[in-house]
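J.: give me a 3D structure for the following:
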Amino acid sequence: MVAIEEKTYSQLERAINPTHDIKLFAGRSNPKLAQEIADQLGTTVGPMVVKNFSDGEIYVQVKESVRGDDVFIIQPVCNPVNENLMELLIIIDAFKRASAKTITAVIPYYGYARQDRKTSGREAITAKLVADLLTTAGANRVLAMDLHTGQIQGFFNILVDNIFATLVLVDYMKKKNFKPEELCAVSPDAGGVRRARYFAKEMKCSIAIVDKRRDKHNEAIAEYLIGDVKDKICILFDDIIDTAGTICEAAKLLKKEGAKEVYVCAVHPVFSGPALQRLDEAPIEEVVVTNSIPLAEGAPKKITQLSVAPILGEAISRIHDDESISSLFGFEKEYKG
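T.: Reported below is the predicted structural model:
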């Protein structure tokens with residue numbers, strides 16, 4: 001099992017005081033992360049019954065009073081996506097009927113985020129549908145992490161805070177003490193250029209872009225490289241690794257173009273289908289991800305998982321205390337371009 005590394009980041013200098021009226025609860029999609037967040041806040045994960053009936057229906061019962069309390073529900077919408085989404089909706093409804101003062105859905109990974117627009121006729125915009133479902137269920141606020149596209153925040157008619165795990169990845173890579181002149185930050189496609197630009201600025205290194213063609217869903221071909229990577233240590237940055245096709249093809253292209261070594265950093269380790277096998281066989285030294293999604297058993301040793309509990313815990317504390325969230329991320333303007 002891959003060890004999870006926890007850290008205290010320089011951006012989180014403000015002490016988190018033990019909380020008395022924050023009520024923290026969690027669904028079944030990532031209980032370990034929920035416990036880590038509770039530890040950061042000096043509280044516990046509240047008691048709740050969540051189970052399935054024999055026909056597959058989900059049952060939820062809150063086992064303590066939350067009347068007048070600020071409730072935070074931790075539930076990444078990861079595989080099985082539909083099960084975890086429905087579970088989250090039912091949990092929110094249970095707290096609404098239990099007279100919670102506010103209900104914040106803490107969604108480290110927002111499933112369906114990539115279905116945020118129509119790319120051909122007669123397609124659904126499912127990211128918007130999920131936003132409507134969360135609102136209808138009774139959420140007053142959403143705390144998300146590295147949404148695939150920023151415009152998803154505009155799908156909601158309630159407050160949405162989109163925080164960034166990029167700080168965690170940058171902090172980890174800085175501790176490797178690579179020389180800036182030997183590094184190159186690489187975006188695996190045109191859509192990730194802003195993310196790679198931020199990393200390049202923080203690492204004080206050059207930048208390159210892979211030109212990707214996607215002929216069908218979950219299949220991508222890395223065709224061309226913009227930038228010089230010869231004899232460089234390349235760090236590929238992305239928000240999501242799903243089947244790992246994009247990342248692995250990009251890594252092969254970088255090696256073909258003369259890269260010395262290739263590292264990969266990504267926030268959300270979806271790792272569906274052949275992802276783990278592809279990553280294990282690809283010319284990649286290390287894959288660094290967060291625990292927004294739990295890793296499956298048997299993950300390759302080259303995968304390192306970092307905890308985002310400190311950032312999520314700090315954000316929850318600030319929301320509860322009516323303090324600024326954006327001040328956590330001094331790079332926000334640069335990152336959003």
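
J.: show me where the stretch 51-200 of the chain has strands.
T.: Using DSSP state E, counting those that start in this stretch, the strands of the stretch 51-200 of the chain run over 58-62, 70-74, 102-107, 141-145, 159-163, 183-187.

J.: out of those strands, flag the one nearest L169.
T.: Checking the strands of the stretch 51-200 of the chain against L169 by Cβ to Cβ gives strand 183-187 as the closest, at 11.1 Å. Every residue, glycine included, has its C-beta placed from N, CA and C.

J.: got a list of contacts for the closest one?
T.: 193, 195-197, 199-200, 203, 205-210, 227-229, 232-238, 250, 254, 259 (Cβ atoms under 8 Å, 6 or more residues apart in numbering).

J.: okay, now the unreliable bits of the stretch 151-300 of the chain?
T.: 212-222 (pLDDT under 70).

J.: for this protein, identify the residue most remote from the centre.
T.: Here the chain reaches farthest from its C-alpha mean at S54, the gap being 32.1 Å by Cα atoms, centre = their mean.

J.: picking that back up, what about the contacts of strand 183-187, which are in strands?
T.: Among these, the residues falling in strands (DSSP state E) are 206-210, 233-238.

J.: farthest-apart pair in those residues, please.
T.: Using Cβ to Cβ, these reach their maximum pairwise distance at S206 and D238, which is 18.1 Å.

J.: which one of the two has more residues nearby?
T.: Comparing S206 with D238 by neighbour count (other Cβ atoms under 10 Å), the higher total belongs to D238, at 23 against 18.

J.: how many residues are close by P294?
T.: Using other Cβ under 10 Å, P294 has 17 other residues around it.

J.: shouldn't it be in contact with Q35?
T.: No. Using Cβ atoms under 8 Å, P294 makes no contact with Q35, being 11.9 Å away.

J.: A38 - nearest residue in space that isn't next to it in sequence?
T.: V45 (5.0 Å; Cβ to Cβ, 6 or more residues apart in numbering).

J.: separation between the one you found and N291?
T.: With the distance defined as Cβ to Cβ, to the nearest Å, V45 ends up 16 Å from N291.

J.: can you check G111 too?
T.: Applying Cβ to Cβ to G111 and N291 gives a distance of 16 Å.

J.: now do K23
T.: 22 Å.

J.: which of V45 and N291 has more neighbours?
T.: N291 (24 against 16).

J.: so who does that one touch?
T.: Contacts of N291 (Cβ under 8 Å, 6+ apart): 4, 30, 32-33, 36, 305-309.

J.: out of those residues, grab the one that's most surrounded.
T.: V308 (27 neighbours).

J.: biggest helix in the protein, by residue count?
T.: Looking across the chain with DSSP state H, the single longest helix is helix 81-97.

J.: now the helices for the stretch 201-337 of the chain?
T.: With helices called from DSSP state H, counting those that start in this stretch, the stretch 201-337 of the chain shows them at 245-256, 275-281, 309-320, 332-336.

J.: buried set for stretch 293-313?
T.: By neighbour count on 16 or more other Cβ atoms under 10 Å, the buried set for stretch 293-313 is 293-295, 299, 302-313.

J.: and these, which two are the farthest apart?
T.: So, those by Cβ to Cβ: farthest apart are K302 and G313, at 28.3 Å.

J.: how close does I235 sit to R122?
T.: I235 is 39 Å from R122, where distance means Cβ to Cβ.

J.: so these two - more neighbours on which side?
T.: The residue with more neighbours, out of I235 and R122, is I235; 27 against 5, by other Cβ under 10 Å.

J.: my guess is the more buried one meets C265, correct?
T.: Yes. When contacts are counted by Cβ under 8 Å, I235 is listed as touching C265 (6.1 Å).

J.: name the residues contacting each of those two.
T.: Residues touching both I235 and C265 by Cβ under 8 Å, 6+ apart: 173, 199.

J.: by contact count, what packs against the longest helix of the chain?
T.: Helices and strands touching helix 81-97, as assessed by 3 or more Cβ pairs under 8 Å, 6 or more residues apart in numbering; DSSP states H and E, comprise strand 48-52, strand 58-62, strand 70-74, strand 102-107, helix 126-137.

J.: partners of the fourth one in the sheet?
T.: Based on DSSP bridges, the pairing partners of strand 102-107 within the sheet are strand 70-74 (parallel), strand 141-145 (parallel).

J.: export those strands as JSON lines, with columns for distance to L276, mean neighbour count and mean pLDDT.
T.: JSON lines is the format used below for the strands paired with strand 102-107 (distance: least, Cβ to Cβ, whole Å; neighbours: other Cβ atoms under 10 Å; pLDDT from 0 to 100):
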{"stretch": "strand 70-74", "distance to L276": "25", "mean neighbour count": "26", "mean pLDDT": "97"}
{"stretch": "strand 141-145", "distance to L276": "22", "mean neighbour count": "22", "mean pLDDT": "97"}
